[in-house]
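In: Could you look at this predicted model? Sequence included:
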Amino acid sequence: MKRRELMQWAAALGMPTLPSGAWAQDKFPSKPMVLVCPYPAGGNADQRSRQFGRYISNALGQPVVVDNKPGAGGNIGTELVVRAKPDGYTMGMGNFAPLSVNPTMMAKVNFDPIKDLMPICLIERGPLMLVVRTESPFKDLKDIVAAAKAKPGQISIANGGQGGSHHLSAELLKSMAGINMTVIPYKGGAPAALDLMAGIVDMMFEQMYAAAPNVRSGRLRPIAITSRTRSPLFPDVPTVAELGYPGFEVSNWQGLIAPVGTPAAIIKILNEVTNQALADSTIKAQMLAQGNELGGGTPEQFAAHIKAEGERWSKVIKSAGITAD
């Protein structure tokens, strides 16, 4: 019997009926779900989408299909979530760039992260590491700042793409330290790291999980990390903040999102399952082994995080004159 017919039948008999939210909570999910990943297969966002998709599927008893929709810096997949039916059967992996950077950096973005999406749960924060090649004359951050002030524009810093966390880390350091360095964008962190190790560029901020193997092998020297506190993986590497730049913090974060209008009861179910996944010993160990910081918390806390990040990076982008061109 369809829900509308059931409600009419119950009303005719004078029986109480369930509100829409309660109905959704009792019946959700009753069919397969889709988790949209706005980046290509094989990357960190894709791996995390599949990892959490499997957990949610096992916990709720319905398949979760990961649908990769890359392009436009994450905007294409994120917009697909925005336009989806708000019934809980389409969710997405919400990322740092499309939710907090692209709306300011790009001339046209067809959604408002605050108005058009409902946060479910923050999954992780991925700090970066400022690295130089082992043969570099720069031994610490003081050396870098001194050299950049002595030779404005002659020190080069690579990044993995315009407006990415690599790039914004460099711009934030330039602003807070009052220095001028030449920022060189690459199409990805891997080619930038290769040129760094070849001596073509002087330094870069790299994702910790990507930098770690070359640091451990001795090919790169770590200078500082961008998290609020030191990483358990590299306890001897200081944070940028403790080296004289309080408030310096950058992470490449991601979490689950849904279209606006998704019933609160369903958001609650998905939030609870995501928090359970973050407490799972296997998932937790894998994430921590990459140097990532575990997320978790309420939808409201994730919403506040997205809003604060958008406001913060909007100021940096406008001040540095960063565009997607």
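Out: Good, I have the coordinates.

In: can you list contacts of stretch 70-84?
Out: Outside of stretch 70-84, the residues within contact range by Cβ atoms under 8 Å, 6 or more residues apart in numbering are 34, 36-40, 68-69, 90-95, 97-99, 101-102, 106, 109-111, 113, 116-117, 163, 257-260, 324. From N, CA and C alone the C-beta is placed, and that goes for glycine too.

In: now the strands for the stretch 1-150 of the chain?
Out: In the stretch 1-150 of the chain, strands defined by DSSP state E, counting those that start in this stretch lie at 33-37, 64-68, 90-95, 117-125, 128-133, listed in chain order.

In: quick one: the first one to strand 90-95, angle?
Out: Our comparison of strand 33-37 with strand 90-95, counting by axes from the mean of the first three to the mean of the last three Cα atoms, to 10 degrees, yields an angle of 20 degrees.

In: contact partners of strand 33-37?
Out: The set of residues that contact strand 33-37 without belonging to it, under Cβ under 8 Å, 6+ apart, is 45-46, 49, 52-53, 56-57, 60, 62-70, 77-78, 80-81, 84, 88-93, 256.

In: and if you look at the second one?
Out: The list of residues contacting strand 64-68 from outside it, by Cβ under 8 Å, 6+ apart, reads 32-37, 39-41, 46, 49-50, 53-54, 56-57, 77.

In: what does the last one give?
Out: Defining contact as Cβ under 8 Å, 6+ apart, one finds that strand 128-133 is touched by 138, 141, 144, 165-166, 169, 173, 196-197, 199, 202-208, 211-212, 214-215, 219-226, 234, 237, 240, 250-252.

In: ok, 7 Å please
Out: Outside strand 128-133, the residues within contact range by Cβ atoms under 7 Å, 6 or more residues apart in numbering are 138, 165-166, 169, 196-197, 199, 202-208, 211, 215, 220-226, 250.

In: likewise the third one?
Out: For strand 90-95, the surrounding residues in contact (Cβ under 7 Å, 6+ apart) are 33-38, 45, 48-49, 74, 77-78, 81, 84, 117, 120, 254-259, 270.

In: before we move on, what about the fourth one?
Out: By Cβ under 7 Å, 6+ apart, the residues outside strand 117-125 that reach it are 48, 52, 81-82, 91, 94, 251, 253-260, 262, 267, 270-271, 274-275, 287, 292-297, 299, 302-303, 305-306.

In: Test my guess that A59 contacts V273.
Out: Yes. Proximity of A59 to V273 meets the contact threshold set by Cβ atoms under 7 Å, at 4.8 Å.

In: higher neighbour count, the two?
Out: Each of A59 and V273 has its neighbours counted (other Cβ atoms under 10 Å); V273 has more, 20 against 17.

In: correct me, but that one touches N58?
Out: No. Counting by Cβ under 7 Å, N58 is not a contact partner of V273; they are 9.5 Å apart.

In: Which members of the contacts of strand 128-133 occur in strands, if any?
Out: When strands are assigned by DSSP state E, the members of the contacts of strand 128-133 inside them are M203, M204, F205, E206, Q207, L220, R221, P222, I223, A224, I225.

In: Of the contacts of strand 117-125, keep whichever come out buried.
Out: When burial is judged by neighbour count using 16 or more other Cβ atoms under 10 Å, the buried members of the contacts of strand 117-125 are 48, 52, 81-82, 91, 94, 251, 253-259, 262, 267, 270-271, 274, 287, 292-293, 295-297, 299, 302-303, 305-306.

In: coming back round to it: what's the farthest-apart pair in the ones in strands among the contacts of strand 128-133?
Out: Taking every pair in these and measuring Cβ to Cβ, the maximum separation is 16.7 Å, between Q207 and R221.
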